[in-house]
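K.L.:
My questions are about this predicted structure, shown below with the sequence.
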Amino acid sequence: MVKSAVIGAVFNLSHPAHIVHWHFVKLPLANAIVIALMLVAFAVAIALPFPGAARRARARRQAGES
Amino acid sequence: MSGSPNSSWTIKVREKAVEALPPEKLLPDGQPTYVASWIYMFGVASIAALVVIIGSGSILALKGPAWWHYTGVGHFFNSIHLWAVELFFFVMVVHLWGKYWMSAWRGGRARVWMTGAVTFLVAVPTALTGYVSQQNFDAQWISTQAKDGLNSVGVGAFFNVTNFGQMYSYHVLLLPIAVVVLVSAHVLLVRRHGVVPPIELGARLDAAPAGDAPAATARAAGASS
C-alpha cells in the first residue's frame, strides 16, 4: 500500500490531462510523447548497426571471392 | 470405406499445403543477409508482445475482477496486461512504418500487407473493448463517452459499449480470435513469400537475366521484389 503510494507520487495524475494544441492538432501530452518515442525508435532502428551484420556480410563476401 | 486416394479431400489439402509451404520454407534455418537490421525486428517484437497479452489476459479472465482490482498480484497482472498492449501497439506501429517505407507489398506480397493492415484495424477495437471491461468507474466513464461517439457516426445500433457482457465477450473471445487468426495468416504468408528485400536489391534481382545463378538463389530464399 505504501509502495504504491510512493510510485503514484512520481507522476501526479490528479489533474486534467496536459494537452498539446498546435493548429488543428490537439492531443494529450502523454500521447504526443509516445508518438515522439515511436519516431525515435524508427530512426534508431534504421541507423543503428545490427550486431554481427558487418561480420556476416564480410564472411559472405570472402566466401564468394574464394 | 475410404474413397480412391486421388479423391480424398485430406490428400488434396495436404498436397496443396505442402506445395504452398514446404517444410524448409515453413521453418527456415536462415534468412537473407538484409534481414540483419533492427527495423526487421519489430514484427517479431509485436508477436512477442501479443503472447504476453494473451498470457496475462488469460490469467486475468481466470481470476476475475475482484482479484485484478483488490489484490497486489492482481494489480501486477493487470499492469502487465496494460503495458504489454502499449508495447504491442508501439512496436506494431514502427513495424507498419518500416514496411510502408519498404513498399512491403512488392513481389506478390499484397496479401501479406493486407493481413497486416487488417490485423492493426482489428487490434484497435480489441484493445478499446478492454477499457470498457475493467469493471470500475473508469470503464463506466469511457463506455458512456464511447457510446455517444459511436452513435454520432451511426454504428450504435450494431453493438452497445455500455453492455458489459457484450463488450467482455468481444474483448476476451471474438476479437482476440480474429487477431490471432489474422496474425497466423500474416506469418504464414511471410513464410511463403519471404521477407521483403530492400528496394534496390529487389530492382537488381528484377533486372537479372533468368539464367543468373546468384539471382535465382536469392529469389529461392524469398528475395524477389
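P.N.:
Sure, I can see it. Numbering: from 1, shown residues only, chains lettered A, B, ... in the order given.
K.L.:
going forward, measure contacts between C-alpha atoms and count neighbours the same way
P.N.:
Noted.
K.L.:
any weak-confidence spans in chain A?
P.N.:
Residue ranges of chain A with pLDDT under 70: A:1-9, A:65-66.
K.L.:
In space, what's closest to the residue most central in space within chain B - neighbours in sequence excluded?
P.N.:
Centroid-nearest residue in chain B, with CA atoms, centre = their mean: residue B:183, separated by 3.1 Å. Closest residue to residue B:183 apart from its sequence neighbours, by CA to CA, 6 or more residues apart in numbering or on different chains: residue B:119 at 6.7 Å.
K.L.:
Does that neighbour lie in a helix or a strand, and which?
P.N.:
helix B:110-131 (DSSP states H and E).
K.L.:
If we go by neighbour counts, what in that helix is buried?
P.N.:
Neighbour-count burial for helix B:110-131 flags B:112-113, B:115-116, B:119-120, B:122-123, B:126-131 (criterion: 16 or more other CA atoms under 10 Å in any protein chain shown).
K.L.:
do the same with stretch A:58-66
P.N.:
Buried-residue list, stretch A:58-66, by 16+ other CA under 10 Å: empty.
K.L.:
What angle do helix B:110-131 and the longest helix along chain B make with each other?
P.N.:
The helix that spans the most residues within chain B, counting by DSSP state H, is helix B:72-101. Helix B:72-101 runs at 150 degrees relative to helix B:110-131, counting by axes from the mean of the first three to the mean of the last three CA atoms, to 10 degrees.
K.L.:
which residues does residue A:48 contact?
P.N.:
residue B:38 (CA atoms under 8 Å, 6 or more residues apart in numbering or on different chains).
K.L.:
Which other helices and strands does the longest helix of chain B contact?
P.N.:
helix A:29-47, helix B:42-63, helix B:65-70, helix B:110-131 (3 or more CA pairs under 8 Å, 6 or more residues apart in numbering or on different chains; DSSP states H and E).
K.L.:
can you tell me if stretch B:28-36 touches chain A.
P.N.:
Yes: Stretch B:28-36 reaches chain A (CA under 8 Å from any CA of the partner chain) through B:33, B:36.
K.L.:
Using PDB, write down the CA coordinates of that stretch.
P.N.:
Output in PDB follows, covering the C-alpha atoms of stretch B:28-36 (Å, rounded to 0.1, in the frame of the first residue of the first chain):
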ATOM      1  CA  PRO B  28      13.700 -21.900 -42.400                       C
ATOM      2  CA  ASP B  29      17.100 -22.200 -40.700                       C
ATOM      3  CA  GLY B  30      18.400 -19.000 -42.200                       C
ATOM      4  CA  GLN B  31      17.300 -15.600 -43.500                       C
ATOM      5  CA  PRO B  32      18.800 -13.300 -46.300                       C
ATOM      6  CA  THR B  33      21.600 -11.000 -45.100                       C
ATOM      7  CA  TYR B  34      19.400  -7.900 -45.400                       C
ATOM      8  CA  VAL B  35      17.200  -9.200 -42.500                       C
ATOM      9  CA  ALA B  36      20.100  -8.400 -40.100                       C
END
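K.L.:
Report how many residues lie close to the closest residue to residue B:116 other than its chain neighbours.
P.N.:
Distances taken as CA to CA, 6+ apart place residue B:186 nearest to residue B:116, at 6.2 Å, with adjacent residues excluded. By other CA atoms under 10 Å in any protein chain shown, 21 other residues sit near residue B:186.
K.L.:
Within range of chain A, give me the residues from chain B.
P.N.:
So chain B meets chain A at B:33, B:36, B:37, B:38, B:39, B:90, B:91, B:93, B:94, B:97, B:98 (CA under 8 Å from any CA).
K.L.:
how near is the closest residue to the last one other than its chain neighbours to residue B:139?
P.N.:
For residue B:98, the nearest residue in space outside its immediate sequence neighbours is residue B:39; the separation is 6.5 Å by CA to CA, 6+ apart. Between residue B:39 and residue B:139 the distance is 36 Å, computed by CA to CA, to the nearest Å.
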